[in-house]
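Colleague: All I have is the shape, not the residue letters:
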């Protein structure tokens with residue numbers, strides 16, 4: 001029999017259990033909900049405001065899931081695209 005200490009060394013290290021990645025960047029996932037009486041749009045705006053005030057400029061953020069869809073829908077479709085699509089359907 002060989003003692004385990006001859007094969008390995010054990011030391012304690014602190015750190016994350018696993019690393020999350022989003023678009024190949026190290027990331028942190030933040031989950032939240034709007035407080036009663038506030039819309040999800042207000043919660044998104046508050047999150048963006050706090051991020052801009054408290055994080056360094058080289059850090060970024062992005063949304064995923066339903067929030068991503070809500071942010072994209074809020075950006076809307078340009079009037080030129082709508083006019084172009086309506087013109088092609090009429091001819």
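Modeller: Thanks, I have it. Predicted model, so just to flag it, every value in this text is computed and none were measured.

Colleague: any idea of the mean pLDDT for stretch 24-35?
Modeller: Rounded to a whole number, the mean pLDDT of stretch 24-35 is 88.

Colleague: Which residue ranges of the chain form strands?
Modeller: In chain order, the chain shows strands spanning 20-22, 25-27, with DSSP state E as the criterion.

Colleague: what helices or strands is the last one leaning on?
Modeller: When contacts are defined as 3 or more Cβ pairs under 8 Å, 6 or more residues apart in numbering; DSSP states H and E, strand 25-27 packs onto strand 20-22. No exception for glycine: its C-beta is placed from N, CA and C like everyone else's.

Colleague: Give the pairing partners of the strand it packs on; include direction for each.
Modeller: For strand 20-22, the paired strands and their directions (DSSP bridges) are strand 25-27 (antiparallel).

Colleague: now what about the partner strand, what contacts it?
Modeller: Outside strand 25-27, the residues that touch it by Cβ atoms under 8 Å, 6 or more residues apart in numbering are 19-21.

Colleague: Could you point out which of the residues you listed is nearest to residue 64?
Modeller: For residue 64, the nearest member of the contacts of strand 25-27 is residue 20. The distance, counting by Cβ to Cβ, is 11.4 Å.

Colleague: Can you add pLDDT and give the contacts of strand 25-27 back as TSV?
Modeller: Converted to TSV, the contacts of strand 25-27 look like this (pLDDT from 0 to 100):
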residue	pLDDT
19	87
20	90
21	91
